[in-house]
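Q: Need coordinates for the following:
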Amino acid sequence: MIAVVVVTRNRMQLLQRCVGAVLGQTRPPGLVVVVDNASADATPTLFQEGPFAADPRIDFLRLPDNSGGAGGFHAGMARALARGAQWVWVMDDDACPDADALAALLAVGPRPDAIYGAAVLADEGDAGELVWPVQPLDGGSPGQTALRNADLPWLPVPTANVPFLGLLVHRDLIERIGLPDAEFFLSGDDAEFCARARARGGAVFVVPAAVIRHPPVPRLCLRIGARVVCVLRLAPWRRYYDVRNRLIIARRYFGVRLWTEALPGTLLRWLLTLILQPNRLAQSRAYVKGIRDGLAGRTGRLWPPP
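A: Now for the predicted structure:
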């Protein structure tokens, strides 16, 4: 059985679009686990009396507290495995998969020891722009960061990580490496999950034929040789988790590259943030706290959202 896990919080309209697209797949899933991170809006009504109340494929799981995206994916994937899923396809509530996205992922003959991700394209403006750029590891243009889906070969592309936006993984690999780290709370939990899989002999691929639509993400990108360094426009509390968790991943898996690549990259993103966003003092405080806690390996919900 294929199970879909969707994590949501306070985005009822986006969630309704996402779940509708999931249920409308040409290769429909057998189970859809919707994890509600203690939403304060009317999200539960969609599944109690609204359009999805009578669908037997939906398992609505409401958490008592906001556990962040990381905690939501941890809980949702655990629920999917407990319900007997062999493959788990995960995404945030702002994802909108094309009707053939799941079929395209399955068409490549996915291996149980690998992770497969969809190409995440902007649902507004430039339809071919990758919301999350892809850096191939080999094949195609190794080391050349792709900013458009057309820049990728039309076959699975080996890469370091793919986001929790159309990520497909087999239960065998989850049982071998463990669930997403709930202590990340928010940001980077998908990158850590992929890094852990690769560190234990797994592989990660992006499948350009499988397309997820997603709202554009405001960002500033700087190309350095073949690589592209991007900084997102984030509120300071979100910036903290982005900075901290990037460094925790590097601390766990990158060895000396924590100091030669990850930390210098963080300092460059700090500079780009000061160019991109006006609240420079608050952003700088987030960077300082994120760098300190990241290098110390501190996880958990240490900067509550507003």
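
Q: tell me the contacts of residue 106?
A: Residue 106 sits next to residue 27 when contact means CB atoms under 8 Å, 6 or more residues apart in numbering. C-betas here are computed from N, CA, C, even on glycine.

Q: Can you point out the buried residues in the helix or strand it falls within?
A: Assigned by DSSP states H and E, residue 106 belongs to helix 101-107. Neighbour-count burial for helix 101-107, with 16 or more other CB atoms under 10 Å as criterion, is recorded at 101, 102, 104, 105, 106.

Q: Give the buried residues for stretch 210-228.
A: 210, 211, 212, 213, 214.

Q: pull the CA atoms of it into PDB?
A: Extracted in PDB, the C-alpha atoms of stretch 210-228 (Å, rounded to 0.1, in the frame of the first residue of the first chain):
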ATOM      1  CA  ALA A 210       7.000  14.000 -11.200                       C
ATOM      2  CA  VAL A 211       5.900  17.600 -10.600                       C
ATOM      3  CA  ILE A 212       4.700  19.300  -7.400                       C
ATOM      4  CA  ARG A 213       3.300  22.900  -7.700                       C
ATOM      5  CA  HIS A 214       4.200  25.200  -4.800                       C
ATOM      6  CA  PRO A 215       3.900  28.900  -4.100                       C
ATOM      7  CA  PRO A 216       7.000  30.900  -5.100                       C
ATOM      8  CA  VAL A 217       9.600  31.300  -2.300                       C
ATOM      9  CA  PRO A 218      11.100  34.800  -2.000                       C
ATOM     10  CA  ARG A 219      14.900  34.400  -2.200                       C
ATOM     11  CA  LEU A 220      18.100  35.900  -3.300                       C
ATOM     12  CA  CYS A 221      20.600  33.600  -5.100                       C
ATOM     13  CA  LEU A 222      24.300  34.100  -5.800                       C
ATOM     14  CA  ARG A 223      26.100  31.800  -8.300                       C
ATOM     15  CA  ILE A 224      29.600  31.000  -7.300                       C
ATOM     16  CA  GLY A 225      31.100  28.900 -10.100                       C
ATOM     17  CA  ALA A 226      28.900  25.900 -10.700                       C
ATOM     18  CA  ARG A 227      27.200  26.300  -7.300                       C
ATOM     19  CA  VAL A 228      24.300  28.600  -6.300                       C
END
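
Q: from the middle of its chain, how far away would it be?
A: 14 Å (CA atoms, centre = their mean, to the nearest Å).

Q: follow-up on the earlier one: which of the buried residues of helix 101-107 sits closest to residue 233?
A: residue 101 (26.9 Å; CB to CB).

Q: before we move on, which element is the residue nearest to the closest one when sequence neighbours are not counted in?
A: Once flanking residues are discounted, residue 101 sits nearest to residue 210: 4.7 Å by CB to CB, 6 or more residues apart in numbering. Using DSSP H and E, the element containing residue 210 is strand 203-214.

Q: which helices and strands does that strand pack with?
A: Packing partners of strand 203-214 (3 or more CB pairs under 8 Å, 6 or more residues apart in numbering; DSSP states H and E): strand 96-97, helix 101-107, strand 114-122, strand 157-158, strand 165-170, helix 189-199.

Q: Specify the stretch among the ones you listed that is closest to residue 77.
A: Comparing the helices and strands packed on strand 203-214 under CB to CB, the one sitting nearest is strand 165-170, at 8.2 Å.

Q: For the closest one, which strands pair with it and how are they oriented?
A: strand 87-92 (antiparallel), strand 114-122 (antiparallel) (DSSP bridges).

Q: CA atoms only for the last one - export them in PDB, please.
A: Output in PDB follows, covering the C-alpha atoms of strand 114-122 (Å, rounded to 0.1, in the frame of the first residue of the first chain):
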ATOM      1  CA  ALA A 114      16.600   5.000  -2.000                       C
ATOM      2  CA  ILE A 115      14.600   8.200  -1.600                       C
ATOM      3  CA  TYR A 116      12.900   9.800  -4.600                       C
ATOM      4  CA  GLY A 117      11.700  13.400  -4.800                       C
ATOM      5  CA  ALA A 118       9.400  15.300  -7.100                       C
ATOM      6  CA  ALA A 119      10.500  18.400  -9.000                       C
ATOM      7  CA  VAL A 120       9.000  21.300  -7.100                       C
ATOM      8  CA  LEU A 121       7.900  24.000  -9.500                       C
ATOM      9  CA  ALA A 122       6.500  27.500  -8.900                       C
END
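
Q: relative to helix 189-199, how tilted is the helix or strand following that strand?
A: Note on strand 114-122: by DSSP H and E, the next helix or strand toward the C-terminus is strand 129-134. Put simply, strand 129-134 runs at 40 degrees to helix 189-199, going by axes from the mean of the first three to the mean of the last three CA atoms, to 10 degrees.
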